[in-house]
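J.: here you go, sequence then predicted model.
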Amino acid sequence: MTYIIIRPRAQDGLSAAPPANQIRIKAALDALQVGTFPPHTRKLGGVPDGYRTRIGRWRILFTLSEGLADIADIFLKKERGDYRRRR
């Protein structure tokens, strides 16, 4: 069993998500608490215990060490089309 700490920035990101996505994000956090990695989890380069998991367009950044998961951020990933200039 993994103990989960959710930072204030991550809590704000979770609150900003639509209700349907909040359910999916909470399911991923529950899987992490049980001790399994959620699907689409990757190790971050340059961070010793850092991981990223993908829930649709939403991302969860966390560190995992010795039974403790520190959820640093939950945010919406922007796509390339989101940065186009409006004419």
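T.: Happy to help now that I have it.
J.: how many other residues sit next to residue 6?
T.: Neighbour count for residue 6, taken as other Cβ atoms under 10 Å: 16. Where you see a C-beta, it was placed from the backbone N, CA and C, and this is true even at glycine.
J.: helix/strand/coil for residue 73?
T.: With DSSP: H, G, I helix; E, B strand; the rest coil as the basis, residue 73 sits in strand.
J.: which residues touch the closest residue to it other than its chain neighbours?
T.: Spatial nearest neighbour of residue 73, chain neighbours left out: residue 61 (4.5 Å); criterion: Cβ to Cβ, 6 or more residues apart in numbering. The contact partners of residue 61, by Cβ atoms under 8 Å, 6 or more residues apart in numbering, come to 10, 44, 50, 51, 52, 71, 72, 73, 74, 75.
J.: average pLDDT across the longest helix along the chain?
T.: Across the chain, the longest stretch assigned as helix under DSSP state H is helix 19-34. Looking at helix 19-34 alone, the average pLDDT works out to 95.
J.: in the helix or strand containing residue 11, what counts as buried?
T.: Following DSSP states H and E, one finds residue 11 within helix 8-16. By 16 or more other Cβ atoms under 10 Å, the buried positions in helix 8-16 come out as 10, 13, 14.
J.: now these in a markdown table, with distance to residue 32 and pLDDT?
T.: Converted to a markdown table, the buried residues of helix 8-16 look like this (distance: Cβ to Cβ, whole Å; pLDDT from 0 to 100):
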| residue | distance to residue 32 | pLDDT |
| --- | --- | --- |
| 10 | 12 | 95 |
| 13 | 16 | 93 |
| 14 | 14 | 95 |
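J.: pLDDT below threshold where in this structure?
T.: 79-87 (pLDDT under 70).
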